[in-house]
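[1] let me see the structure of the following:
(4 chains)
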2 protein chains.
Amino acid sequence: MGEINIKRLASELNLSAATVSRALRDSHEISAETKARVMEMAKKLNYEPNPFASSLRRQQSKTIAVIVPEVANNFFSLAIKAIEEVARAKDYHVLIYQTHESGEIEASFMTSLLSGRVDGVLISPASHVANKEYFQKVSEKMPMVFFDRDHADIEGVKITTDDYDSAYNATQHLVDAGCKTIGYLAALETLTTGKKRLQGYQDALKNNNLKCQPDLIVSNCENNEPCHSKIKDFISQQKPDGIISSIEELAIPCYYACKELHLNIPKDLKLITFSNLSHAELLNPPLSTINQPAFEIGNEAATILFKMFSKRWYDPNITISLKSNIIKRESTRS
Amino acid sequence: MGEINIKRLASELNLSAATVSRALRDSHEISAETKARVMEMAKKLNYEPNPFASSLRRQQSKTIAVIVPEVANNFFSLAIKAIEEVARAKDYHVLIYQTHESGEIEASFMTSLLSGRVDGVLISPASHVANKEYFQKVSEKMPMVFFDRDHADIEGVKITTDDYDSAYNATQHLVDAGCKTIGYLAALETLTTGKKRLQGYQDALKNNNLKCQPDLIVSNCENNEPCHSKIKDFISQQKPDGIISSIEELAIPCYYACKELHLNIPKDLKLITFSNLSHAELLNPPLSTINQPAFEIGNEAATILFKMFSKRWYDPNITISLKSNIIKRESTRS
DNA sequence: TTTATTTACGTAAACGTTTACGAATAAAGG
DNA sequence: CCTTTATTCGTAAACGTTTACGTAAATAAA
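    As a prediction, this is how the structure comes out:
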């Protein structure tokens, strides 16, 4: 029977395609009676307008892109959940891209978006950064919002958390719990996010007159396998009595390392981590966490993006910081 | 300076748009020399072909849709991770839709896909089912693959796990551990997935000559808040010494309920659950799980979808079952 | 040499919408 | 009565590609 398009729909109704188009878009130029006829016939024939023709003509895609390092991550999956909900409410579609922390992949995605495939971008940049100039290019062409992660040297709208404060407070919490030798598991070091967390940790140490030795900081530890032994070595050699982990993925190995080293959490070693683990309460021992408002970040970022679409947002260079929530549990009990 | 399109690119090169288009697509009709010139200029001008014009003309979108109940879920986020990777390798784009278990939302997404916005669909259907006829409509129009969840009365390509066997084996495991009164936390009851799990549980009980009372089955428990008290009431009233949970979301409340009821896992109550919790090992006590190969399911589903695109897949009605992995931990120790 | 074939490119139509412009009718104003 | 304005719809161009078809030149076959 062939596909049903607006011309066929129009001819069924003895109308022009223009009139049908306008009726479907509820234009004031069309009489109520005609609109009703069009709607009815459209429903009857299961007419679905071709989005590509529409996007081509109108120069807008009704689609946004979400670029994240990984989907399978407690934080990002929650943020995506929120973003999809906001988009759906606006009848927008959501394209998902994973960079796997690669700057090259990120660059390839971003430049492909220059084609106009999307009306806007929500991005949490990869930690392995390549060139960065594509950020500029994309944001010149369409609204773009950074969420959670960002680069200090790139302007734009950014939704982050209070990374400095929460790292500072978490470290202070360890100090208050009696820790004297506090290790830091670093990550995202190329990003503002990671830098601020590290700075919060270091400043907290200084303000408590605790030494801030470089060998208390474990870096370059974001791949999986070597990570565990690196952390285990760190614990057995430096013998920290407290650890703050800048990402969840580095805190989990601590549990295993402590088991293997027969160290008790929190007696021998107290542990707190940035995390969106939903069951931290049920771990053995319950894990103290710096909980980022992942859903709220996604929600806020998407909401602002849509405001930018409708020109109800004017500040092209602002950072909005949402508060993280430190939840003290058994793993940092003094 | 205006947007750079194929016509401008062509005029820069003193070529026709047709030649440029063919060169960019590496057509044999174009000389190597011309191709090189075109490529160079395209790169120089940062030319990105308009995907809508291309999709409109070629009648294909280079995009697939993934419809899931939730993104923020250990299972689905892993599956999506795999799907995105497969899609990226094929230069395809991935649209994400969340149904929140609503059949109406699902129906609305599916019918909107009839517009041709995507070349194929990967779907894990909502548990609250509405009409179902849209499954037929969509699969008539484009390749579609069910993953994890499916409806028995709908034909199609389905990638599932061995729900019956794994539920049976998990129940048997509880029996072997000495359980006599084994409760079942039901979910997904409208789906084949849920029915098979329940059947596996029931058959295992029968084959072990254990009574299979209806009041050992907790149903309609997929919303969050009422769920906890329902499970707590169930445990305190029916006093099961073993529980198998058909989804992770129902197992977690058991931990809290047992705490509140001062019951010890596994001494008073043994617990095993379908789950993709990555840190089940670290829970208190470590949780026995029926681990579904989420990544592999996503990978397999996406791979088959692409085979369907290229007509290298012929069976329109087949169910491929991947094996789940039962991991016995402290929570079911006898 | 003539004819057939291949190579390399151009012309123009097509994909299915949307919208600027125009026109016809009806209503209102003078 | 004529003129203006509002209402409602149609015509045709435009969005940026792709591709069927045609063609000129070069090469091969005869």
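
[2] mind listing the helices for the stretch 201-334 of chain A?
    Using DSSP state H, counting those that start in this stretch, the helices of the stretch 201-334 of chain A run over A:225-238, A:248-260, A:294-309.

[3] ugh, wrong one, the stretch 51-200 of chain A
    Assigned by DSSP H, counting those that start in this stretch, the stretch 51-200 of chain A shows helices spanning A:51-58, A:74-89, A:103-113, A:133-141, A:163-176, A:192-207.

[4] identify the bridge partners of residue A:217.
    Beta-bridge pairing for residue A:217 (DSSP bridges): residue A:184.

[5] next one: it from residue A:198, what distance?
    Distance of residue A:217 to residue A:198, given as C-beta to C-beta, to the nearest Å: 7 Å. Every C-beta, even on glycine, is put in place using the N, C-alpha and C of the backbone.

[6] ok, these two, which is more surrounded?
    residue A:198 (22 against 18; other C-beta atoms under 10 Å in any protein chain shown).

[7] rewinding a little: anything in contact with each of residue A:217 and residue A:198?
    A:184, A:186 (C-beta atoms under 8 Å, 6 or more residues apart in numbering or on different chains).

[8] residue A:61: what's it in contact with?
    Residue A:61 sits next to A:55, A:93, A:116, A:117, A:118, A:119, B:52 when contact means C-beta under 8 Å, 6+ apart.

[9] hmm, 6 Å instead?
    Residue A:61 makes contact with A:55, A:118, A:119, according to C-beta atoms under 6 Å, 6 or more residues apart in numbering or on different chains.

[10] same check on residue A:231?
    Counting by C-beta under 6 Å, 6+ apart, residue A:231 touches A:253, A:257.

[11] need the per-residue pLDDT for it.
    Predicted confidence (pLDDT) for residue A:231: 94.

[12] can you give me the separation between it and DNA strand C?
    Distance of residue A:231 to DNA strand C, computed by C-beta to the nearest atom of the strand, to the nearest Å: 56 Å.

[13] follow-up on the earlier one: ok, which of the helices of the stretch 201-334 of chain A comes nearest DNA strand D?
    Closest approach to DNA strand D among the helices of the stretch 201-334 of chain A (C-beta to the nearest atom of the strand): helix A:294-309, 19.3 Å.

[14] say whether DNA strand C is contacted by that closest one.
    No. Helix A:294-309 lies out of reach of DNA strand C by C-beta under 7 Å from any atom of the strand, never closer than 15.0 Å.

[15] for that helix, packing partners?
    The helices and strands touching helix A:294-309, judged by 3 or more C-beta pairs under 6 Å, 6 or more residues apart in numbering or on different chains; DSSP states H and E, are helix A:74-89, strand A:144-147, strand A:157-161.

[16] residues in contact with it: which ones?
    For helix A:294-309, the external contacting residues (C-beta under 6 Å, 6+ apart) are A:75, A:78-79, A:82-83, A:86, A:90, A:120, A:122, A:143, A:145, A:147-148, A:159, A:276, A:313, A:322.

[17] can I get that helix as PDB, trimmed to CA atoms?
    Extracted in PDB, the C-alpha atoms of helix A:294-309 (Å, rounded to 0.1, in the frame of the first residue of the first chain):
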ATOM      1  CA  ALA A 294      23.300  12.900  40.300                       C
ATOM      2  CA  PHE A 295      19.600  13.000  39.400                       C
ATOM      3  CA  GLU A 296      19.400  16.700  40.300                       C
ATOM      4  CA  ILE A 297      22.500  17.500  38.200                       C
ATOM      5  CA  GLY A 298      21.100  15.800  35.200                       C
ATOM      6  CA  ASN A 299      17.800  17.500  35.700                       C
ATOM      7  CA  GLU A 300      19.300  20.900  36.200                       C
ATOM      8  CA  ALA A 301      21.600  20.500  33.200                       C
ATOM      9  CA  ALA A 302      18.800  19.400  30.900                       C
ATOM     10  CA  THR A 303      16.400  22.100  32.200                       C
ATOM     11  CA  ILE A 304      18.900  24.800  31.500                       C
ATOM     12  CA  LEU A 305      19.700  23.400  28.100                       C
ATOM     13  CA  PHE A 306      16.000  23.800  27.200                       C
ATOM     14  CA  LYS A 307      16.000  27.300  28.600                       C
ATOM     15  CA  MET A 308      18.800  28.000  26.300                       C
ATOM     16  CA  PHE A 309      16.800  26.700  23.400                       C
END
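
[18] run the angle between that helix and strand A:157-161 for me.
    Per axes from the mean of the first three to the mean of the last three C-alpha atoms, to 10 degrees, the angle that helix A:294-309 makes with strand A:157-161 is 170 degrees.

[19] tilt between helix A:294-309 and helix A:74-89?
    On the basis of the same axes, to 10 degrees, helix A:294-309 is oriented at 40 degrees to helix A:74-89.

[20] which parts of helix A:294-309 are buried?
    For helix A:294-309, burial by neighbour count (16 or more other C-beta atoms under 10 Å in any protein chain shown) applies to A:294-306, A:308-309.

[21] ok now stretch A:295-312, how far from the chain's centre?
    In this view, stretch A:295-312 has its centroid 13 Å away from the chain centroid, taken as C-alpha atoms, centre = their mean, to the nearest Å.

[22] all set, thanks.
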